[in-house]
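Asks: how would this look folded up:
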Amino acid sequence: MLVLRYAPEMEFLSEKEAFGHIINSNYMYKSLIIRSIITSIISFIVVVLALAIPHTIHADLNNLKPEAKQPTLVHNGHLTLCKLNKENYHVVKTIKTIVTAYSSTPDQTDDTPFITASGKHVANGVIAYNKLPFGTKVRIPELYGNKIFTVWDRMHQRMKHFDIWFADTQEAKNFGAKITTIEVVES
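Replies: Modelled structure (predicted):
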């Protein structure tokens, strides 16, 4: 049986020859599919390796401005070359509240009067508050101007006000309780 199939010279092909062309074209399609699969697998491996292997960037520290050469450890624990401006704070929240004072006496604290709830030693500028994370910076402009206090301590859970630490018990008593505005700030 003769099969009519297009050929360049318009010749007739036998069934065997036509079948051979079909087999060759199937082989060609299978070959393309196999090549596509292999290419996809290699591309996938390259992408996975690119994501899995960390990239190291080496900075040229000689071309930096003098004020940027001092490394500063930032809050998230990564060493960064940046100049943090600790003088310019901007207000992110204001709270109208009562502010009281305390000192490191056993009747006003727990059994470790000189250690804050965060584990730090008490110092000038320590403030206690339950609703802000440790390390939060606050200002009390009506009472202390631009002085920055840092939340390093906590109070009893039923207390809902700020408590400033004083080194002297009499100073803390003289401070009393005041209604004022607290500014939560960030640099």
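
Asks: Any idea what the closest residue to residue 153 other than its chain neighbours is bridged to?
Replies: Leaving aside its chain neighbours, residue 153 sits nearest to residue 128 (3.6 Å; criterion: C-beta to C-beta, 6 or more residues apart in numbering). For glycine as for every other residue, the C-beta is placed from the backbone atoms N, C-alpha and C. Beta-bridge pairing for residue 128 (DSSP bridges): residue 153, residue 163.

Asks: for residue 180, same thing?
Replies: In this entry, residue 180 is beta-bridged to residue 97, by DSSP bridges.

Asks: That one and residue 143 touch, don't they?
Replies: Yes. Taking contacts as C-beta atoms under 8 Å, residue 180 lies within contact range of residue 143: 5.8 Å.

Asks: shared neighbours of the two, anything?
Replies: Here residue 180 and residue 143 have residue 99 as joint contacts, going by C-beta atoms under 8 Å, 6 or more residues apart in numbering.

Asks: picking up where we left off before, next, the contact list for the residue nearest to residue 153, please.
Replies: Contact analysis of residue 128 by C-beta under 8 Å, 6+ apart lists 102, 116-117, 151-155, 162-165.

Asks: For the residues you listed, which single residue is the most surrounded?
Replies: Neighbour tally across these (other C-beta atoms under 10 Å): the maximum, 25 neighbours, falls on residue 162.

Asks: residue contacts, that one?
Replies: Going by C-beta under 8 Å, 6+ apart, residue 162 touches 97-100, 127-129, 138, 140, 182.
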